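Undergrad: below are the sequence and a predicted model; questions follow.
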Amino acid sequence: MLKEAVLSLGKMVQRVFRDSMIAVEHLDIKLAERTIASETELNKLEEGIEVSICDLLALQQPIASDLRLVVSSLKIAADLKRIEGLSINIAKIPGKIDGGHIKPLVDTRKMADIAVYMLENSLKAFQTQDVELRKSDSG
């Protein structure tokens, strides 16, 4: 249940990041607004994960592999929250730009694709507990 919630949050954050980058690239204000509006839903899911973790720690006193899952879930949820916050900030950019881009966004798409790929692999590594997959993205 906890792992599924973290993976669900990861997929949602991935979508928010991707949408925010598309909104900036194309100066799509409507997409940016939809992306910003998803913040409330994401915050509820993040809060639910934190409550679940606190309940698990307080009521079930997990040991060994269960404790590793709880701790890694807490850390991953915190990182996803940071990515989500930054993505929301990125999504606010199209509303602040009048006209068009001053210079072409040459490498923006490539950087976004690399970031999404790294996030996808990190979530796969968490889901499958594949340490080698996680290491492949850590540079």
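TA: Everything's here; your move. Residues are numbered from 1 along each chain as shown.

Undergrad: where along this structure do the helices fall?
TA: Listed from the start of the chain, the chain has helices (DSSP state H) covering 2-26, 29-37, 39-55, 64-91, 108-128, 131-136.

Undergrad: so which of those helices is the most surrounded?
TA: Sort the helices of the chain by mean neighbour count, taking mean count of other C-beta atoms under 10 Å, and helix 2-26 sits at the top with a mean of 19. Bear in mind the C-beta positions are built from the backbone N, C-alpha and C, glycine included.

Undergrad: what angle separates that helix from helix 39-55?
TA: Helix 2-26 runs at 160 degrees relative to helix 39-55, counting by axes from the mean of the first three to the mean of the last three C-alpha atoms, to 10 degrees.

Undergrad: now helix 2-26: how far from the chain's centre is it?
TA: Centre-to-centre, helix 2-26 and its host chain are 5 Å apart (C-alpha atoms, centre = their mean, to the nearest Å).

Undergrad: helices or strands up against that helix?
TA: Packing partners of helix 2-26 (3 or more C-beta pairs under 8 Å, 6 or more residues apart in numbering; DSSP states H and E): helix 29-37, helix 39-55, helix 64-91, helix 108-128.
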